Every structure is written in structure tokens, then in C-alpha cells.
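Visitor: What follows is a protein structure lacking sequence information:
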Ligand SMILES: [Zn+2]
């Protein structure tokens, strides 16, 4: 039988990084679904007038909009890539010697797709991938207290919705 707590740490890693990356988490769960032991669903903010307004850019010229959109695409790619990596990293910090869960392979595949989105050159992708990995591991360790709290609550209740997650993380992240 799979270790429920390992799954909870794995999903908590995804969830905490998703919130820090400002992805909009809908729900995170360790309730088995299809062939997966746990899962997280989230949405990215779209590149639209609201995104520009949040940066104080209500009135922008056409050329400026293209530049902003490039920045947005990079942010979206990096935010998703780090979120995808965080599950395996959290699981490894929690139980360094345990075998990796089957979700980890799927995550790595998705990470490689985001890397293709971010960098065309194969050599560049390798270095970029290492950088994203280092950044993600640093964040997971820095916010480990939040990962623990989310994992514990997942073990107790199986599912947490996005709003609850943000409320839970607020005070912990402020203190980190
Ligand atoms: Zn995962």
C-alpha cells in the first residue's frame, strides 16, 4: 500500500509553490482519482486587460502590449515548471530514502514540456532546468513549515480548496 503521508507531502509541495507563484489553485487532494494517488488543479491568470491593470498599465500602446505579453509567457512557463517540480522535491525532503511515487514520472514529463516552451536550444534547456530545480528546492525548503501544515491537513481531510489554502498559508509565509 502506498504511503498516504508521502502523497500528502507530494501534493502539498505542488500546492505551496503554486500559491507562491501566484497560480490560482482550485483544489488539491489526496483522494485517488483515475490512476493518480493525488492531484492538484489550478489555473494561470490570463494575459488580458486585468493583468495589465494590476501592473498599473491600463493604457498601453500596441507595441508595449507585445513586450508585456512576452513577459507574461515567461512567467507562466516558469511558474508552471516550478510547481510541477515541487511535488517530487517535497516528497524527497520528507522521505529521502523512500521510492518515488508514480506521479513523479508524470511530473517530470510535464516539466520537460514546459522547458521546451521556455527554451529552444537543447543545451540551454539543460542549464535552465537546473536553475528552475534549484530555485524550486530553495522555495520548498524556505516554506517547509507551510508544506507540513498543508500535508497534515490533507491527511486529515483529503481535500483542500484554493481559498482555504491561501488562508492557511498567509500567516506562515509572512513569518518565513
Ligand atoms: Zn505530482
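Guide: Perfect, I can see it now. Just so you know, these numbers come straight off a predicted model, no measurement behind them. Numbers count the residues shown, from 1 in each chain.
Visitor: contacts and neighbour counts: CA atoms only from here.
Guide: Will do.
Visitor: Tell me where the protein has helices.
Guide: Assigned by DSSP state H, the helices in the chain fall at 4-20, 49-54, 62-94, 103-118, 122-142, 144-157, 162-175.
Visitor: neighbouring contacts of the shortest one?
Guide: Taking C-alpha atoms under 8 Å, 6 or more residues apart in numbering as the criterion, the residues outside helix 49-54 that touch it are 45, 58.
Visitor: and the helices of the chain, which is most packed in?
Guide: helix 4-20 (a mean of 26; mean count of other C-alpha atoms under 10 Å).
Visitor: got a list of contacts for it?
Guide: Helix 4-20 has contacts (C-alpha under 8 Å, 6+ apart) with 24-25, 28-30, 37-40, 42, 79-80, 82-91, 94-95, 101, 136, 139-140, 143, 146-148, 150-152, 154-155, 165-166, 169.
Visitor: quick one: which of the helices of the chain has the weakest pLDDT on average?
Guide: Between the helices of the chain, the one with the least mean pLDDT is helix 49-54; it has a mean of 74.
Visitor: Pull the distance from it to the chain's centre.
Guide: Offset of helix 49-54 from its chain centre (C-alpha atoms, centre = their mean, to the nearest Å): 22 Å.
Visitor: chain center to stretch 16-25: distance?
Guide: 6 Å.
Visitor: ok, back up a step: same list, the helices of the chain, but as a markdown table with distance to the ion please.
Guide: Below are these laid out as a markdown table (distance: least, C-alpha to the ion, whole Å):
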| stretch | distance to the ion |
| --- | --- |
| helix 4-20 | 6 |
| helix 49-54 | 28 |
| helix 62-94 | 5 |
| helix 103-118 | 5 |
| helix 122-142 | 14 |
| helix 144-157 | 13 |
| helix 162-175 | 17 |
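Visitor: can you tell me how far residue 85 sits from residue 133?
Guide: To residue 133, residue 85 is 7 Å away according to C-alpha to C-alpha, to the nearest Å.
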